[in-house]
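>>> prediction below, plus the sequence it came from.
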Amino acid sequence: MTTMLSAYTVTTRYWHLLDDGKVQCDLCPRFCKLHEGQRGLCFIRQNLDSQIVMTSYSRSSGFAIDPIEKKPLNHFLPGTPIFSFGTAGCNLACKFCQNWDISKSREMDTLMSKATPQAIAKAALAYGCSSVAYTYNDPVIFHEYAIDTAQACRELGLKSVAVTAGYVCAEPRAEFYRYMDAANVDLKAFSEDFYHKVTGGHLQPVLETLEYLKHETQVWFELTTLLIPGENDSEAELETMTQWVVEKLGPDVPMHFTAFHPDWKMTDKPHTAKSSLLLARSIASKNGVRYAYVGNVHDKAAESTYCHHCGELLIGRDWYVLSDWNLDAASHCRFCGTQCAGLFQAKPGDWGAKRQSVRL
């Protein structure tokens with residue numbers, strides 16, 4: 001349980017004092033070393049009275065109800081609405097950030113929506129959502145707020161979904177995922193050079209998070225890679241990445257290859273060609289990934305789910321709208337009886353492509 005210092009400031013656990021009087025934050029591999037009053041790169045964690053506090057507890061950049069496929073999750077409660085929220089800031093510095101107005105914000109005025117964890121859980125239930133997403137920016141940085149909200153959701157029978165870059169240290173990672181039911185993790189590239197130069201982070205901690213999720217938790221997770229022309233879309237890198245996924249995580253972890261558009265500090269790159277996404281999907285399938293998808297482009301065939309055994313269509317998707325549904329009540333292929341990996345209800349949801357803003 002968190003301890004409130006003020007209306008929106010809470011104590012945190014993952015830090016230690018340094019000999020020079022600074023405080024080191026131990027939440028993520030950035031290990032920010034902060035003077036009194038200084039904020040970390042993430043913006044919402046600060047050295048206050050020689051301890052690290054979170055300054056945006058119960059303050060959000062906004063609330064909305066999205067299709068769960070938008071996270072993107074294709075194998076977790078398909079067709080259902082998910083209550084979504086985030087804060088401000090981020091612990092990476094991706095030059096291509098597609099949510100930069102939130103994740104790069106350094107203004108507390110970004111956090112104008114206010115809601116306790118209990119209020120979020122009750123609102124999600126009242127709006128008919130099956131789950132709550134910690135998204136828009138990385139929930140790693142609002143660790144305490146996310147965990148308290150997930151606990152409140154669990155008490156009401158709601159699932160919790162983390163949309164994250166997976167850039168977190170081992171001890172807080174274990175605590176965080178104890179309360180999560182699903183995650184979509186950005187595997188931004190498969191080279192240390194890309195992570196260092198383009199995101200300001202490192203690849204290895206992300207790979208460690210993925211292996212932890214697979215081998216030490218029951219969290220359902222899917223991967224997303226935003227393909228940026230000339231940066232992380234070479235055939236050689238995609239071969240290495242997808243081979244690693246199958247070897248270390250197994251063939252049942254879905255992979256989403258999504259299209260980049262010029263944004264933030266990377267406006268000199270063109271939009272991702274659809275052909276590049278389809279090539280990435282083809283490479284993944286060749287290397288044994290059973291469920292590979294494209295995103296941010298329109299291609300019903302490449303957005304849909306197929307049985308990895310007989311090849312029949314299991315779930316038809318057109319953007320976020322579901323059509324065909326060929327899973328039985330136990331999530332088996334109706335044609336050959338093979339299990340489809342994921343968490344499915346007996347019938348799909350019908351939320352479709354709607355997005356609904358919410359005020360609490």
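Nice, thanks for sending it over.
>>> what helix or strand does residue 281 sit in?
Here residue 281, judged by DSSP states H and E, is contained in helix 274-286.
>>> next: residue 204.
helix 203-216.
>>> contacts for that helix?
Outside helix 203-216, the residues that touch it by C-beta atoms under 8 Å, 6 or more residues apart in numbering are 28-29, 165-170, 173-174, 177, 183, 185, 187-192, 194-195, 219, 221, 223, 244, 248-250, 253. To be clear about C-beta, it is placed using only N, CA and C from the backbone, and glycine gets the same treatment.
>>> repeat the analysis, applying 6 Å as the threshold.
Counting contacts by C-beta atoms under 6 Å, 6 or more residues apart in numbering, the residues outside helix 203-216 that touch it are 29, 166, 167, 192, 195, 219, 221, 248, 249.
>>> ditto for stretch 237-251
Contacts of stretch 237-251 from elsewhere in the structure, counted by C-beta under 6 Å, 6+ apart, are 190, 211, 214, 280, 283, 284, 287, 288, 289, 290.
>>> so the spatially most central residue of the chain bridges to which residues?
The structure's the chain has its C-alpha centroid closest to residue 163; by C-alpha atoms, centre = their mean the separation is 1.6 Å. In this structure, residue 163 has beta-bridge partners residue 184, where bridges are defined by DSSP bridges.
>>> quick one: residues contacting it.
Contacts here follow C-beta under 6 Å, 6+ apart; on that basis residue 163 touches 71, 133, 135, 184.
>>> try residue 282
Taking C-beta under 6 Å, 6+ apart as the test, residue 282 contacts no residue whatsoever.
>>> doesn't residue 303 make contact with residue 317?
Yes: Residue 317 lies in contact with residue 303 (C-beta atoms under 6 Å); the separation is 4.2 Å.
>>> ok so, going back, and the contacts of helix 203-216, which two are furthest apart?
For the contacts of helix 203-216, the maximum inter-member distance is 25.5 Å, found between 192 and 219 (C-beta to C-beta).
>>> which one of the two has more residues nearby?
residue 219 (20 against 12; other C-beta atoms under 10 Å).
>>> now do the SS call for residue 257.
The three-state label for residue 257, taken from DSSP: H, G, I helix; E, B strand; the rest coil, comes out as strand.
>>> measure the closest residue to it other than its chain neighbours to residue 158 for me?
Excluding the flanking residues, the one nearest residue 257 by C-beta to C-beta, 6 or more residues apart in numbering is residue 280, at 4.1 Å. When C-beta to C-beta, to the nearest Å is the yardstick, residue 280 and residue 158 sit 33 Å from each other.
>>> out of these two, which sits in the busier spot?
Comparing residue 280 with residue 158 by neighbour count (other C-beta under 10 Å), the higher total belongs to residue 280, at 26 against 22.
>>> give me the buried positions along stretch 120-134.
Of the residues in stretch 120-134, those buried under the neighbour-count criterion (16 or more other C-beta atoms under 10 Å) are 120, 121, 122, 123, 124, 125, 129, 130, 131, 132, 133, 134.
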